[in-house]
Structure formats: structure tokens, C-alpha cells
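Structure for the following, please:
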Amino acid sequence: MVVHIQEEDEDELVIKFEYSSERVKKVKKIAGKRWCPEERVWIIPYTEEAINKFFNLFSNEEIVVDKSLNIGNASDNILQSRSVKNLIEEMKEEIQLQGYSPKTIDVYLGHIKRFIKFHKKHPKKLKQKDVRKYLLVLLEQQKTSHSYANQALSAIKFLYKEVLQKEEVTFNLTRPKKEEKLPVVLSEQEVIKILDSIDNYKHRAILFLTYSAGLRVSEVVNLKADDIDSDRMLVRVKQGKGRKDRYTLLSEKALKVLREYAKRYSLDEWLFPGGKKGKHLTERSVQRVFKKACRKANIRKNVSIHSLRHSFATHLLENGVDLRYIQELLGHKSSKTTEIYTHVSNKNIGNIRSPLDDLV
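The predicted structure follows:
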């Protein structure tokens with residue numbers, strides 16, 4: 001699995017990974033490290049010594065470095081070559097010209113950099129067997145999800161077809177079968193407990209709006225004050241996933257919380273401004289707010305801020321809202337994406353009586 005490193009502040013770095021005793025042993029060897037139980041991450045000093053130690057300890061794992069950090073190890077040399085830098089820039093321009101979102105651009109370029117770093121060769125010199133080998137390493141050795149490997153393949157296909165004009169390298173490559181995972185959904189009572197646990201007016205407004213409108217975290221942080229249409233009781237989502245505009249619900253209760261928040265905070269361009277002037281709140285900050293609220297509400301489920309969106313859709317379905325309307329509110333391109341909520345809803349299954357109850 002992936003090990004993430006990103007900036008906490010000017011003096012410290014955040015290390016995140018899925019738990020394993022071996023990884024914990026490694027990170028404990030870094031001088032000045034500390035465990036942050038609230039966010040369940042490791043913190044290390046932002047020093048050359050600590051960074052080099054980190055890369056040496058985790059040299060056999062996939063390391064994802066936040067784009068804001070200008071750090072790396074010796075194996076990154078291939079990425080610093082002029083030909084590869086030019087290729088990455090050419091791919092970035094091609095993705096932008098095709099109208100992909102900034103998030104997709106970052107994801108695709110990240111996959112290509114890891115692909116190049118793995119083989120330590122310019123992609124022009126690689127063949128289909130090299131792509132297959134990389135995908136097998138992702139799935140079998142690094143134990144990444146099938147969706148992650150599929151995303152990596154999509155980025156590699158884009159590179160060879162649209163940039164290098166060598167489509168034959170990835171032609172007929174088999175995609176990993178899509179995993180049929182069901183979203184984790186909160187009950188209505190659990191949502192109430194989470195929302196009631198928050199005292200901070202700004203944090204309350206964020207989570208109330210996220211749940212009541214079924215927003216993605218990227219959408220809620222990018223909202224502006226004029227996106228709240230209190231006359232029509234709608235929230236306008238501009239350039240959501242897939243670069244689509246849409247409208248979704250504005251709850252009366254959420255509007256009341258928003259007004260309480262607006263009385264106490266000086267709003268500028270953004271509905272939820274961040275710490276830096278002219279910038280909106282970061283997605284990571286919202287995720288931290290949600291995690292803190294879950295701990296305070298004693299929620300034991302393994303949920304994320306996106307679970308509020310899943311819960312919004314499921315609760316609408318359980319309350320009799322037509323799936324087509326839910327699809328529109330969520331901004332799903334395909335109805336098949338929305339249909340997953342029929343598998344987690346208790347609307348029908350909740351009325352079925354277990355045979356055990358008739359036996360005992």
C-alpha cells in the first residue's frame with residue numbers, strides 16, 4: 001500500500017500509511033518522530049536528515065509525495081532528466097487541452113511519475129510487458145485496490161495514445177475487474193449525533209451543508225456565498241466532478257446554521273475561507289473536522305467525510321425519493337452509479353423477517 005508524506009507546517013511533515021507493525025517499526029527509527037492520535041498520523045521534523053532517513057527506510061514501498069513538497073530520493077533521478085520533464089509537461093498540456101479537471105490532472109501525472117520511477121526508463125523505451133509487470137506489482141505486491149490500478153492504467157493509456165502516439169503499447173491490456181464494494185452508510189440517528197457534537201459555528205455549517213445537500217468535500221470547500229440561493233432553496237455546484245454544473249437541495253435547517261455562521265464570521269470570496277487570505281478551506285481541514293466530530297459522537301464505523309454524501313443518498317431513497325432525482329442531485333453521469341444505494345438501503349430488506357425469529 002501507499003505511504004504518503006506531506007507538509008504539516010514549516011517545521012514538520014506528516015506521514016500517513018495503512019497500519020502494519022513493520023511500518024511502525026520503521027517510522028520509530030526517525031529521530032524526532034511523534035504519533036498524533038487525533039489524526040492517526042506520524043509527524044517527523046522537516047529536516048534533510050529526517051527526510052533522507054524516511055526515504056531510506058521506506059525505499060521498498062510506493063511513496064506519494066505531496067505536490068507542494070520539493071523533496072525526493074536518489075531513485076527520482078530519472079524524473080529530473082530533461083526528456084522526462086518535457087514529457088510530463090507535454091502530457092499536462094494535453095490533459096488540460098482536453099478539459100480534464102485539475103484534480104484529474106494531478107492524479108494522472110502522479111501515476112505516470114510513479115510508473116516512470118518504477119522502471120527507471122523513459123516510457124518510449126518500454127513495451128506492453130513492462131506495463132503489465134507494473135500493474136501486477138501494484139495488485140500483487142503493493143496490494144493496491146483494483147480501482148487504483150485501473151486509474152493507473154487509464155493514465156498510462158492516455159500517455160501512450162494521446163502523447164506518445166504509441167497506442168499499441170497498451171492495446172488490449174486487460175483491466176482489473178472492478179471491485180463491488182458497498183459504501184459505508186450512517187444511520188439518521190448517527191448523523192444527528194455527529195451534527196449535534198459540533199460547537200464551532202463554521203464547522204457546523206460545513207457538515208450540515210455537506211450532508212443536507214449531498215456534496216463532495218471538493219464541492220463544499222469551493223462554494224461561494226452567491227452559490228447559496230435562499231429564495232429557491234437551492235445550492236449551486238459549479239464545475240463539480242466531470243466539470244458539470246448542477247443544483248442540489250438547500251435544507252431549511254442548513255440555511256439557519258449558515259446564517260448563524262455568517263453573523264459571526266467575515267466572509268470574503270469563499271463561503272468557507274481558509275487560513276491564507278484569498279484561499280478557501282482545504283479538503284484535509286474538513287476531513288479533520290469530520291473525524292473529530294465522529295470521535296466526539298462515539299461513532300465506531302470506519303467512515304469519512306464522503307460517508308455523509310452516501311448517507312444523504314441512502315436516506316433519500318429510504319424516504320421514497322425516486323432514484324432518478326437522486327442521480328440529478330448527486331451529479332452522477334450514469335444511473336448505474338446511483339443504483340449502488342439500492343444495495344445499502346434498508347427500505348425493502350428492513351421489512352423482511354429472519355426465519356430465526358419464527359423458530360425461537
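
If you count neighbours, what's buried in the worst-scoring helix or strand of the chain on mean pLDDT?
The helix or strand of the chain with the lowest confidence, counting by mean pLDDT, DSSP states H and E, is helix 77-80 at a mean of 70. Buried residues in helix 77-80, counting neighbours by 16 or more other Cβ atoms under 10 Å, are found at Ile78, Leu79. (Glycine included, C-beta is placed from N, CA and C.)

what's the answer for stretch 43-56, then?
Buried-residue list, stretch 43-56, by 16+ other Cβ under 10 Å: Ile43, Ile44, Pro45, Tyr46, Ala50, Ile51, Lys53, Phe54, Phe55.

Using PDB, write out the CA atom coordinates for the least confident helix or strand of the chain.
Provided in PDB are the C-alpha atoms of helix 77-80 (Å, rounded to 0.1, in the frame of the first residue of the first chain):
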ATOM      1  CA  ASN A  77      16.800  11.000 -10.900                       C
ATOM      2  CA  ILE A  78      15.000   9.700 -14.000                       C
ATOM      3  CA  LEU A  79      12.200  12.200 -13.200                       C
ATOM      4  CA  GLN A  80      14.700  15.000 -13.200                       C
END
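
Give me the distance from that helix to the chain's centre.
27 Å (Cα atoms, centre = their mean, to the nearest Å).

Packing partners of it?
With contacts taken as 3 or more Cβ pairs under 8 Å, 6 or more residues apart in numbering; DSSP states H and E, helix 77-80 sits against helix 82-97, helix 102-119.

picking that back up, so can I have TSV of the buried residues of stretch 43-56 showing distance to Ser311, secondary structure and pLDDT?
Formatted as TSV, the buried residues of stretch 43-56 follow (distance: Cβ to Cβ, whole Å; DSSP: H, G, I helix; E, B strand; the rest coil; pLDDT from 0 to 100):
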residue	distance to Ser311	secondary structure	pLDDT
Ile43	31	strand	90
Ile44	35	strand	90
Pro45	39	strand	87
Tyr46	37	coil	83
Ala50	40	helix	84
Ile51	40	helix	84
Lys53	42	helix	84
Phe54	37	helix	87
Phe55	39	helix	83
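
picking that back up, make CSV out of the helices and strands packed on helix 77-80 and add distance to Lys166, mean pLDDT and mean neighbour count.
CSV is the format used below for the helices and strands packed on helix 77-80 (distance: least, Cβ to Cβ, whole Å; pLDDT from 0 to 100; neighbours: other Cβ atoms under 10 Å):
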stretch, distance to Lys166, mean pLDDT, mean neighbour count
helix 82-97, 12, 91, 14
helix 102-119, 14, 90, 18
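
can I get those helices in JSON lines with distance to Glu18?
Below are the helices and strands packed on helix 77-80 laid out as JSON lines (distance: least, Cβ to Cβ, whole Å):
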{"stretch": "helix 82-97", "distance to Glu18": "28"}
{"stretch": "helix 102-119", "distance to Glu18": "17"}
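
Of those helices, give the one that comes closest to Cys294.
Closest to Cys294 of the helices and strands packed on helix 77-80 is helix 102-119 (Cβ to Cβ; 24.6 Å).

Helix or strand next in line after the closest one, which one?
helix 128-136 (DSSP states H and E).

Tell me the buried residues in that following helix?
Asp130, Val131, Tyr134, Leu135.

and the residues you listed, which two are the farthest apart?
Asp130 and Leu135 (9.9 Å).

Now do the helix or strand in which Phe208 is found: which elements does it pack against?
Phe208 is part of helix 201-213 when elements are defined by DSSP H and E. Counting contacts by 3+ Cβ pairs under 8 Å, 6+ apart, helix 201-213 packs against helix 188-196, helix 217-221, strand 246-249, helix 252-264, helix 283-296, helix 306-318.

Among those, which comes closest to Ile15?
Nearest of those (Cβ to Cβ): helix 283-296, 14.3 Å.

about what we covered before: out of the helices and strands packed on helix 201-213, nearest to Glu12?
That would be helix 283-296 among the helices and strands packed on helix 201-213, by Cβ to Cβ, at 14.5 Å.

And the contacts of the closest one?
With contact meaning Cβ atoms under 8 Å, 6 or more residues apart in numbering, helix 283-296 is reached by 38-39, 194-195, 197-198, 200, 203, 206-207, 210, 217-218, 220-221, 274, 303-305, 308.

Which ChimeraX command selects the buried ones in those?
Burial among the contacts of helix 283-296 is assessed by 16+ other Cβ under 10 Å; the matching ChimeraX selection reads:
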select :39,194,195,197,198,203,206,207,210,217,218,220,221,303,305,308
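
Out of the helices and strands packed on helix 201-213, which gets nearest to Gln96?
The closest of the helices and strands packed on helix 201-213 to Gln96 is helix 217-221. By Cβ to Cβ, the value is 18.1 Å.

gap between that closest one and the chain center?
11 Å.

any idea of the mean pLDDT in that helix?
Averaging pLDDT along helix 217-221 yields 93.
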